[in-house]
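Asker: Return a 3D structure for these sequence lines:
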Amino acid sequence: MRKGIISNPGTGEAARARAVAALNAAFAGRFTEDGLLHWGAKTARGIFDDAVASAGVGADDCVFVGEDPDERAFAREAGMRAAAHPVFTLAAVEGRPVFWARIELPEGRSPTDLEVIANAGEIVPVHVASGHLVLVMATARGVEALEQGGFAADLRGQVEETFAFLVRDDRPVSLPQAFADTSGASRATAEARMRAAAAFAFVSNAFDGQGPPVVPLGPAPGGVYVAAAAGTPIEDLHIAEAKPGHTERLLPDPALLSRPGEAQAVGFAEEFADGGPTAETIAAVREAITPASLRGHIARVSGAAPLVEGESLKVRSRDASSADNALVVSALVRRLHDLGLVVRRHEFSWRGHRLSNVEAEFRVAAADSAVLVTAHLDSTAARGEFFDSGGLPRAYDPAIDPAPGADDDGSGIAAVMAAAECLSAMVADGRAPTRTVRFVLFNAEEQGLVGSKAYARAAASAGDKIAGVLQMDMIAGFQGGPRTMEIHTGSSVPGPVVGASDALGGLVTRAAPAVASGFSLQVLAGSADPAAGRSDHASFHERGWAAAAICENFFDDTAPATGTRQYHKPGDTLFDEDHDTDYAAAIARTVAAAALTLAGL
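Answerer: Below you'll find the model as predicted:
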């Protein structure tokens, strides 16, 4: 088969030259026709028409391979065939459909057993829900291979130009009285089905009569799997009574079943079990991470002060759809570079937008692994109330409406930046970690963890060794009362990641007394953790790496929460009455102390 490229490496000839060089280095001799290399945005059919013309054959003799359903839709408009993953290219050539399928693993069988079959056939995992349920894409040939291997596949419709989401719905479910005397397993199954039905009803009602129907793919952890056509903005839906972070955009990847971090988790879990920060580390953290330093960072990224000191520009939003998002990324890159760190933009595409995660690394030669200190850099005000010029209610417009996100997650950004400044100061004083330390800020978290999923997939593909991930998502919201810090380590998938994440959370709890006196610690673990799957740490759990999310008192519903009341609203500003940088500094110091301890300082 003749092979070409349709890709958007970014603007400018330099970006294209880098892409060509990388292509030739990775696939020498594979893409030999320069005329079949097409660089540019894939937000309309034009680039696909150009690709067909350059091939000199009929459009129906061309196959576009891309995981983005919007791009596949444009390719179809140009007359091309389309495949959602390279595994399905031959199926597209031969005109065979690809299906969404649920695989219930029988007793005694594990995802590792499934991986052997999946890697040899036309099967691509999309989500590992638990040790017993996996959502995949598969052709009829793939399904046949599964059945021959002892795995039953429940087909749920064709993939075509659709994308899969997990929509969680933790609203209370009341089982009928008929289930009162049934087994716990029967009640759990019935509750899962009722929850899935409620979540799907919410989604389908929201899009009723507005484009192609959303298709249910069956119960998922805490909600329902759905398949939506290209362009369907499921990420914009918010179940008012549900906990935050209830929509997760799923990313197809054959390596999901291998969970490369699990082998590392086994080795690191015992190391996390003992010890705490040294006096020197505590002193450095106290000096570098202060309410004033956090306030300065938050002011810049939330629009309360100019984004760059000495300049006049103030941003209005960090929403992934806002032009200000890229400006914030550039400012963060410059500031981290000035600290002497190795800074990299990790680029990915979302709905036609070219977005970047930001990674700043202090590299340690021959280190056995890296420690990640993370937060998300984007914002949203989707729960706010907005009105048109006539005073009538209108939907949130991320391109123009303010979304300062001072707490969510400007506070997390500030904490990561302050931790980077702390490490830089310690290195300048002659101290150095024994492990690599990465400070990572993820984009498009509000769109279903898109940026962190792309980052974790790339890290797994590169064979990265990660000791632990400490994610901060909303640490400045405080209404008053007892000061509580939530530490979330729960993962829905069993295995070594569970113990390693719990041990990582233990390291955080041991760091807290020295730098966050007066705080009560709420440790939430296991599959029942209310934040499981709801922030960027989940993208690392998915790969088997130890990870914990640390936040204000927001998810735990055993007592009235004391976190921000401005969640996803334009009122989430530095000047909101619930915004408390003293409170945030205590949490930021705790996480930094734990991370630096894990890094050998």
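Asker: Show me which helix runs longest in this structure.
Answerer: Longest helix in the chain, counting residues (DSSP state H): helix 184-206.
Asker: State the mean pLDDT of stretch 50-58.
Answerer: For stretch 50-58, mean pLDDT rounds to 97.
Asker: buried ones in it?
Answerer: 51-52, 54-55 (16 or more other Cβ atoms under 10 Å). Bear in mind the C-beta positions are built from the backbone N, C-alpha and C, glycine included.
Asker: re the thing from before, just checking, which helix or strand succeeds the longest helix of the chain along the chain?
Answerer: Sequence order places strand 215-220 as the next helix or strand after helix 184-206, per DSSP states H and E.
Asker: which other helices and strands contact that following strand?
Answerer: Counting contacts by 3 or more Cβ pairs under 8 Å, 6 or more residues apart in numbering; DSSP states H and E, strand 215-220 is packed against strand 98-104, strand 152-158, strand 162-168, helix 184-206, strand 223-229.
Asker: The second one - what's its average pLDDT?
Answerer: Yep, that's strand 152-158 we're talking about. On average, strand 152-158 scores 95.
Asker: Arrange the buried residues of stretch 50-58 in TSV, one row each, with secondary structure and distance to residue 339 as further columns.
Answerer: Shown next, in TSV, are the buried residues of stretch 50-58 (DSSP: H, G, I helix; E, B strand; the rest coil; distance: Cβ to Cβ, whole Å):
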residue	secondary structure	distance to residue 339
51	helix	43
52	helix	48
54	helix	45
55	helix	48
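Asker: just so I know, which of the helices and strands packed on strand 215-220 lies nearest residue 348?
Answerer: Of all the helices and strands packed on strand 215-220, strand 162-168 sits nearest to residue 348, with 14.5 Å by Cβ to Cβ.
Asker: related to what we said a few turns ago, looking at the helices and strands packed on strand 215-220, which one has the lowest mean pLDDT?
Answerer: Among these, helix 184-206 carries the lowest mean pLDDT (a mean of 89).
Asker: Now find how far off-centre that helix is within its chain.
Answerer: 24 Å (Cα atoms, centre = their mean, to the nearest Å).
Asker: try stretch 303-319
Answerer: 25 Å.
Asker: Would you mind putting the CA coordinates of the lowest-mean-pLDDT helix or strand in the chain into PDB?
Answerer: The helix or strand of the chain with the lowest confidence, counting by mean pLDDT, DSSP states H and E, is helix 261-272 at a mean of 79. In PDB, the C-alpha atoms belonging to helix 261-272 read as follows (Å, rounded to 0.1, in the frame of the first residue of the first chain):
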ATOM      1  CA  GLY A 261       3.100   1.100  35.500                       C
ATOM      2  CA  GLU A 262       2.000  -1.900  37.500                       C
ATOM      3  CA  ALA A 263       5.500  -3.500  37.600                       C
ATOM      4  CA  GLN A 264       6.800  -0.200  38.900                       C
ATOM      5  CA  ALA A 265       4.000   0.100  41.400                       C
ATOM      6  CA  VAL A 266       5.000  -3.200  43.000                       C
ATOM      7  CA  GLY A 267       8.500  -2.000  43.600                       C
ATOM      8  CA  PHE A 268       7.600   1.500  44.900                       C
ATOM      9  CA  ALA A 269       4.800   0.600  47.200                       C
ATOM     10  CA  GLU A 270       7.100  -0.600  50.000                       C
ATOM     11  CA  GLU A 271       9.300   2.500  49.700                       C
ATOM     12  CA  PHE A 272       6.300   4.800  50.200                       C
END
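Asker: Next, the buried residues of that helix.
Answerer: 261-262, 264-265, 268-269, 272.
Asker: Quick check: the two most widely separated of these?
Answerer: Taking Cβ to Cβ, no two of these sit farther apart than 262 and 272, at 15.2 Å.
Asker: picking that back up, please tabulate the buried residues of helix 261-272 in a markdown table, including the columns distance to residue 149.
Answerer: As requested, these are exported to a markdown table (distance: Cβ to Cβ, whole Å):
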| residue | distance to residue 149 |
| --- | --- |
| 261 | 25 |
| 262 | 22 |
| 264 | 28 |
| 265 | 27 |
| 268 | 33 |
| 269 | 31 |
| 272 | 37 |
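Asker: who's in contact with residue 421?
Answerer: Neighbouring residues of residue 421 by Cβ atoms under 8 Å, 6 or more residues apart in numbering: 288, 293, 339.
Asker: Please report the distance of the last one from residue 360.
Answerer: Separation of residue 339 from residue 360 (Cβ to Cβ, to the nearest Å) stands at 7 Å.
Asker: quick one: common contacting residues for these two?
Answerer: Overlap of the contact sets of residue 339 and residue 360 (by Cβ under 8 Å, 6+ apart) consists of residue 420.
Asker: higher neighbour count, the two?
Answerer: Higher neighbour count among residue 339 and residue 360: residue 360, with 26 against 18, using other Cβ atoms under 10 Å.
Asker: Tell me if the more buried one really is in a helix.
Answerer: No - Residue 360 is assigned strand when assessed by DSSP: H, G, I helix; E, B strand; the rest coil, not a helix.
Asker: Surely it and residue 336 touch.
Answerer: Yes - in terms of Cβ atoms under 8 Å, residue 360 counts as a neighbour of residue 336; the distance is 3.8 Å.
Asker: Can you pull the residues that touch both of these two?
Answerer: Counting by Cβ under 8 Å, 6+ apart, the contacts common to residue 360 and residue 336 are 343, 420, 439.
Asker: give me every residue that touches the last one.
Answerer: Residues counted as contacts of residue 439 (Cβ under 8 Å, 6+ apart) are 336, 341, 359-361, 372-374, 416-417, 419-420.
Asker: try residue 457
Answerer: If you count contacts by Cβ under 8 Å, 6+ apart, residue 457 has them with 251, 253, 255, 543.
Asker: same question, residue 33
Answerer: 2, 4.
Asker: what do you get for residue 334?
Answerer: Contacts for residue 334 were tallied using Cβ under 8 Å, 6+ apart; they are residue 308.
Asker: and what of the one 3 residues further on?
Answerer: Listed by Cβ under 8 Å, 6+ apart, the contact partners of residue 337 are 343, 360.
Asker: Which pLDDT value goes with residue 96?
Answerer: If you check residue 96, the pLDDT there is 97.
Asker: Kindly tell me how buried it is, as a neighbour count.
Answerer: Counted by other Cβ under 10 Å, the residues lying close to residue 96 total 13.
Asker: ok, now residue 60?
Answerer: Neighbour tally, residue 60, other Cβ under 10 Å: 11.
Asker: related to what we said a few turns ago, okay, the contacts of residue 439 in TSV with pLDDT, distance to residue 300 and secondary structure next?
Answerer: Converted to TSV, the contacts of residue 439 look like this (pLDDT from 0 to 100; distance: Cβ to Cβ, whole Å; DSSP: H, G, I helix; E, B strand; the rest coil):
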residue	pLDDT	distance to residue 300	secondary structure
336	98	13	helix
341	98	18	coil
359	98	20	strand
360	98	16	strand
361	98	22	strand
372	98	23	strand
373	98	19	strand
374	98	19	strand
416	98	13	helix
417	98	9	helix
419	98	16	helix
420	98	15	helix
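Asker: Show the buried residues in those.
Answerer: Applying 16+ other Cβ under 10 Å to the contacts of residue 439 flags 336, 341, 359-361, 372-374, 416-417, 419-420 as buried.
Asker: Pick the one among those closest to residue 452.
Answerer: For the buried ones among the contacts of residue 439, the nearest to residue 452 is residue 374 (7.7 Å; Cβ to Cβ).
Asker: follow-up on the earlier one: show me how to select, in ChimeraX, the buried members of the contacts of residue 457.
Answerer: To isolate the buried ones among the contacts of residue 457 in ChimeraX, judged by 16+ other Cβ under 10 Å, type:
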select :251,253,543
